[in-house]
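Enquirer: sequence-free structure coming up:
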């Protein structure tokens, strides 16, 4: 599946465990905001935790669908197509999934991480209630591929699947990232003054 003529080297595919090292490297390239750095500092232990997180979800949570967008015109150091973006759609409801993270890295401030995830989960519950929906857990784009349509491919994949199955969709986005999701019918239901956009998309 390729995108338009100006980005026709970008291809969306399922990701696999073999992609985990590249996904981890891209995660730290994509998420450079100071607030994220305080919770997830770029240390060797944190990179190992990040790899364990993605590998564990791929291997034990089949309802979490990992996707990758590769650039077929560029290769990485291993000679593989370069990873432009990755994403994870969670097709389970929170009560089916259980804890989003089973453990935290020792380099993370434990309580701050717990408070962040608990707040996100509560906000998702407030907006979506018990309505069946798919959750865009993570989407990250390498800075070299910003605004080239890579993230849109990942968002569209989940929205199309939700439409086919007659369910809603949800993402907790940054305010800066909200316009991307608005293009796909998401609406920000976050409270005034919130730094996070609580974005929901109704079932078709």
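Expert: Perfect, I can see it now. Quantities reported herein were computed from a predicted structural model and do not represent experimental measurements.
Enquirer: so how far is residue 175 from the nearest residue to residue 198 once chain neighbours are set aside?
Expert: Closest residue to residue 198 apart from its sequence neighbours, by Cβ to Cβ, 6 or more residues apart in numbering: residue 190 at 4.0 Å. Any C-beta I mention is one placed from the backbone N, CA and C, and that applies to glycine too. To residue 175, residue 190 is 8 Å away according to Cβ to Cβ, to the nearest Å.
Enquirer: more neighbours: the two, which one.
Expert: residue 190 (19 against 12; other Cβ atoms under 10 Å).
Enquirer: tell me which element residue 11 falls in.
Expert: strand 10-14 (DSSP states H and E).
Enquirer: in the helix or strand that that strand is followed by, what's buried?
Expert: Heading C-terminal from strand 10-14, the first helix or strand you meet, by DSSP H and E, is helix 20-30. Within helix 20-30, the residues scored as buried using 16 or more other Cβ atoms under 10 Å are 20, 21, 22, 23, 24, 25, 26, 27, 28, 30.
Enquirer: list of residues touching helix 20-30?
Expert: 15, 42, 47, 50-51, 54-55, 58, 66, 68, 76, 80, 83, 85-86, 140-143 (Cβ atoms under 8 Å, 6 or more residues apart in numbering).
Enquirer: which of the residues you listed fall in strands?
Expert: Filtering the contacts of helix 20-30 for membership in strands, criterion DSSP state E, returns 66, 68, 83, 85, 86, 140, 141.
Enquirer: got a markdown table for those, with pLDDT, distance to residue 114 and neighbour count too?
Expert: Shown next, in a markdown table, are the ones in strands among the contacts of helix 20-30 (pLDDT from 0 to 100; distance: Cβ to Cβ, whole Å; neighbours: other Cβ atoms under 10 Å):
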| residue | pLDDT | distance to residue 114 | neighbour count |
| --- | --- | --- | --- |
| 66 | 98 | 25 | 22 |
| 68 | 97 | 30 | 23 |
| 83 | 96 | 30 | 25 |
| 85 | 97 | 28 | 27 |
| 86 | 98 | 25 | 28 |
| 140 | 96 | 22 | 19 |
| 141 | 96 | 27 | 25 |
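Enquirer: all helices for this protein, in order.
Expert: 20-30, 34-39, 44-60, 94-97, 110-128, 150-165, 178-182 (DSSP state H).
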